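Asks: coordinates only, no sequence provided:
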């Protein structure tokens, strides 16, 4: 029988340094969340609407939709640069470049003097912010141990939800500022998270997998030993090194995703996971929540307050989700999330149809309004707690290291392409078909639950180097014989590591009876 490499069975394989590094890099996630949501409260600012004359222009609604959707257009185009940046310059410096774009665009949005300038830098804000949304989880997935990967990568989702929440409360606070330029302040605050990240990123570790792809073995080994439990770090190093020797010989082009059946399946899963999650309706609720609350009959301060409360609940939901993701199979987490979102969207649509939309005017039925808001808040838990972080963890797990940046990029493209369509259509759809717009999200969600059941493999707890077995990629996998050979060679050059491995892991070949 083939030799078998055993990983530590300890429930916690990371240490304080690993957790602190994840949180520090997660400031980039905060930057993405803030830049993505800052437009939502600002749309309700009288100073914003007055400055750009959105309520007096004949094409005001179209400009409003363009200001919102250009964020996603910028992200879609920029997504195709992720593979190049992350592979050539490293995961860490790809994140740094994304932060620089987010920082500069935030400053220029705050200083915009006309509609054209604002739209141009919404594009660049979307480019920087969405690059952060994909490059950060790539790095996270590659610096955390397999046993705790769901928990630690899900911190990306929790921290960008924190950014969403911060944008909502900053917007609510500056709404009461008595100034014609009050709308500029929330965009200026967008500069803070990327600035903090750039100030500290030099001291954060590079991905050990990327370092091994570049033959920087000593650096990779030191990082793994610094971040992971000692009984697991050397086993990981040997397995990753053996796999990287193979990965460096493989095609890394986008076309390779389409040529090989197992890669086409990964591509389908990536597009489906992130794309169908958008059919939960999350971006429409997030970006147009003030409009939704307005249609429900609430005044502007109430709209912003409810939105801020909703985002605060989002953070609580995301934190709860951290302790769920590694306890259940990944496909089941996705099914529970999309199912819960669908149920509460159905209830929301029914309430709006019955009590709000029928007369064409804001409802005076206080109980109905409260019930509508309650459905939106209940919806929150299922998306933020079960879908949001899980989609990034799952897609990052599907791909081998040499294709992970491009795989995450394609997942991001699916999110952004659908968001452009949904967000661009939302103002007109709410004005013309009201509650029926919710059906655009409800019907596909039901189909999505069934698709997950029959097509999505579970990646929970598997080392990234072993996920390939789920797709039949034996030709791209470092087999146990190769890993064992590399391990024995390593024992001769790193005696201390060998003692740990022999004590903590059975690296002797198994006999037929033992197997």
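Replies: That came in fine, so what should we check first? Owing to the predicted nature of the structure, the values given are computational and were not obtained by experimental measurement.
Asks: under the pLDDT cut-off, which ranges of the stretch 201-350 of the chain? List them.
Replies: Regions of the stretch 201-350 of the chain meeting the criterion pLDDT under 70 cover residues 284, 286-292, 295-296.
Asks: run a quick neighbour tally on residue 459.
Replies: Other residues within reach of residue 459, judged by other Cβ atoms under 10 Å, total 23. Heads up, the C-betas are built off the backbone N, CA and C, glycines and all.
Asks: if you could redo that for residue 176, that was the one I meant.
Replies: Residue 176 - counted by other Cβ under 10 Å - has 9 other residues nearby.
Asks: okay, domains of this structure per the record?
Replies: 16-204+251-399+402-475, 206-250+479-510 (automatic domain parsing).
Asks: tell me which of those domains is the most buried.
Replies: domain 16-204+251-399+402-475 (a mean of 20; mean count of other Cβ atoms under 10 Å).
Asks: what about it, how long is it end to end?
Replies: 37 Å (Cα to Cα, to the nearest Å).
Asks: chain center to whichever strand or helix holds residue 238, what's the gap?
Replies: Here residue 238, judged by DSSP states H and E, is contained in helix 230-247. Taking Cα atoms, centre = their mean, to the nearest Å, the mean C-alpha location of helix 230-247 is offset from the chain mean by 26 Å.
Asks: quick one: list the elements packing against the helix or strand that comes right after it.
Replies: Per DSSP H and E, helix 230-247 leads on to helix 256-259 as the next helix or strand towards the C-terminus. Counting contacts by 3 or more Cβ pairs under 8 Å, 6 or more residues apart in numbering; DSSP states H and E, helix 256-259 packs against helix 261-278, helix 404-432.
Asks: format those as TSV; extra columns: distance to residue 212.
Replies: Formatted as TSV, the helices and strands packed on helix 256-259 follow (distance: least, Cβ to Cβ, whole Å):
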stretch	distance to residue 212
helix 261-278	21
helix 404-432	13
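Asks: what's the closest of those to residue 123?
Replies: The closest of these to residue 123 is helix 404-432. By Cβ to Cβ, the value is 11.7 Å.
Asks: if we can go back for a sec, can you say which of the helices and strands packed on helix 256-259 is nearest to residue 347?
Replies: The nearest among those, by Cβ to Cβ, is helix 404-432 at 17.8 Å.
Asks: so how far is the closest one off the chain centroid?
Replies: With Cα atoms, centre = their mean, you get 14 Å for helix 404-432.
Asks: which elements pack onto it?
Replies: With 3+ Cβ pairs under 8 Å, 6+ apart as the test, helix 404-432 has helix 60-79, helix 82-88, helix 115-143, helix 256-259, helix 261-278, helix 282-287, helix 289-295, helix 389-398 packed against it.
Asks: out of those helices, nearest to residue 416?
Replies: helix 60-79 (4.2 Å).
Asks: mean confidence for the closest one?
Replies: Mean pLDDT, helix 60-79: 90.
Asks: how much space between residue 381 and residue 293?
Replies: Separation of residue 381 from residue 293 (Cβ to Cβ, to the nearest Å) stands at 19 Å.
Asks: swap that for residue 420, please
Replies: Distance from residue 420 to residue 293, by Cβ to Cβ: 23 Å.
Asks: distance of the residue nearest the centre of the chain from residue 376?
Replies: The centroid of the chain falls nearest to residue 392 when counting by Cα atoms, centre = their mean (4.7 Å). Counting by Cβ to Cβ, the separation of residue 392 from residue 376 is 23 Å.
Asks: could you check how far the nearest residue to residue 68 once chain neighbours are set aside is from residue 203?
Replies: Spatial nearest neighbour of residue 68, excluding adjacent residues (Cβ to Cβ, 6 or more residues apart in numbering): residue 423 at 5.2 Å. Counting by Cβ to Cβ, the separation of residue 423 from residue 203 is 37 Å.
Asks: in the stretch 351-500 of the chain, which spans are helices?
Replies: 366-382, 389-398, 404-432, 439-455, 480-493, 495-504 (DSSP state H, counting those that start in this stretch).
Asks: so which of the ones you listed is nearest residue 276?
Replies: That would be helix 439-455 among the helices of the stretch 351-500 of the chain, by Cβ to Cβ, at 4.3 Å.
Asks: so residue 107, which of the three states?
Replies: helix (DSSP: H, G, I helix; E, B strand; the rest coil).
Asks: ignoring the adjacent residues along the chain, who's closest to it?
Replies: residue 191 is the one closest to residue 107 (Cβ to Cβ, 6+ apart), at 5.5 Å.
Asks: for the helices and strands packed on helix 404-432, could you give me TSV that also reports distance to residue 207?
Replies: As requested, the helices and strands packed on helix 404-432 are exported to TSV (distance: least, Cβ to Cβ, whole Å):
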stretch	distance to residue 207
helix 60-79	19
helix 82-88	9
helix 115-143	4
helix 256-259	21
helix 261-278	19
helix 282-287	29
helix 289-295	36
helix 389-398	12
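Asks: nearest to residue 95, out of these?
Replies: helix 115-143 (4.7 Å).
Asks: next, the angle helix 115-143 makes with the next helix or strand after the closest one.
Replies: Downstream of helix 115-143, the next assigned helix or strand under DSSP H and E is helix 149-175. Orientation check (axes from the mean of the first three to the mean of the last three Cα atoms, to 10 degrees): helix 149-175 against helix 115-143 gives 150 degrees.
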